[in-house]
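# what follows is a predicted protein model with its sequence.
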Amino acid sequence: MKLQCKQCGALLAVTSPDAYITCLYCGAKSVVAGYSGNSFLHRPALNKNDILRLFPSDSVASVSLYWFPYDTDTLHKIFTQPYTEMEHYSPPSADRRMWNESEVEGTIVPVDPELVGEAGVLYHPFWIAINTVSAQGTIVDGVSSRKLGAPMHSGDKSSFEPVREALSAFIIALVPTIIVFFLLKNLNSKNIKTI
């Protein structure tokens with residue numbers, strides 16, 4: 001949703017369901033029409049250093065805090081960005097506060113205006129840790145420390161792949177089995193000739 005600043009005319013993206021928006025260019029505040037609910041946030045229980053301790057050393061290139069919007073009553077997601085790891089994720093209970101811009105650092109994920117309910121919006125904190133090798137991110141709940149998505153591995157260690165490991169074990173076990181089979185077959189054929 002876009003709103004035009006009444007002071008300088010700049011087009012502003014409405015990224016939160018607050019009753020007002022501050023212009024990034026001139027600092028003027030404009031009222032967002034059609035919103036009547038309250039905005040809340042869950043205070044993060046984990047900081048950047050806590051997140052870094054959840055992963056192998058030297059495996060994280062960067063860590064960023066994001067605020068994802070949820071319905072305050074149902075805790076259903078009210079954003080449409082393609083975060084497949086969060087499709088059916090419902091955030092846990094946490095220290096709920098009224099929305100205050102001074103308490104929020106990081107990136108606010110935009111609300112889908114068509115999904116906003118009457119009660120308002122709850123912003124829940126998630127950290128996104130970017131892997132040094134693959135450049136893929138792992139989403140970590142900023143309250144519960146639950147990791148969503150693929151696990152992150154250190155750059156100097158190979159990742160565990162179950163299919164590859166099972167195939168290796170099969171091949172390693174197959175070689176001695178074949179050798180024993182032919183030895184027994186050869187021994188058995190010699191015993192038959194002597195009788």
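It's in.
# neighbours of Ile128, how many?
For Ile128, the count of nearby residues is 19 (other CB atoms under 10 Å). All C-beta spots, glycine's among them, are computed from the backbone N, C-alpha and C.
# ugh, typo on my part, it should be Asp71
18.
# not counting sequence-adjacent ones, nearest residue to it?
Excluding its sequence neighbours, the residue lying closest to Asp71 (CB to CB, 6 or more residues apart in numbering) is Gly117, at 5.0 Å.
# how about the secondary structure of Leu183?
Per DSSP: H, G, I helix; E, B strand; the rest coil, the local secondary structure of Leu183 is helix.
# so what's the predicted local confidence for it?
pLDDT, Leu183: 84.
# what is the neighbour count of Leu11?
A count of neighbours around Leu11, defined by other CB under 10 Å, yields 8.
# give me the beta-bridge partners of it?
Counting by DSSP bridges, Leu11 is bridged to Gln4.
# isn't it up against Ile21?
No: judged on CB atoms under 8 Å, Leu11 makes no contact with Ile21 at a distance of 11.3 Å.
# on that earlier part again, okay, and the residue nearest to Asp71 sits in which element?
For Gly117, there is no helix or strand it lies in under DSSP states H and E.
# tell me the pLDDT at the nearest residue to Arg97 once chain neighbours are set aside?
In space, and not counting its chain neighbours, Arg97 is closest to Leu41: 5.6 Å by CB to CB, 6+ apart. Listed pLDDT for Leu41 reads 88.
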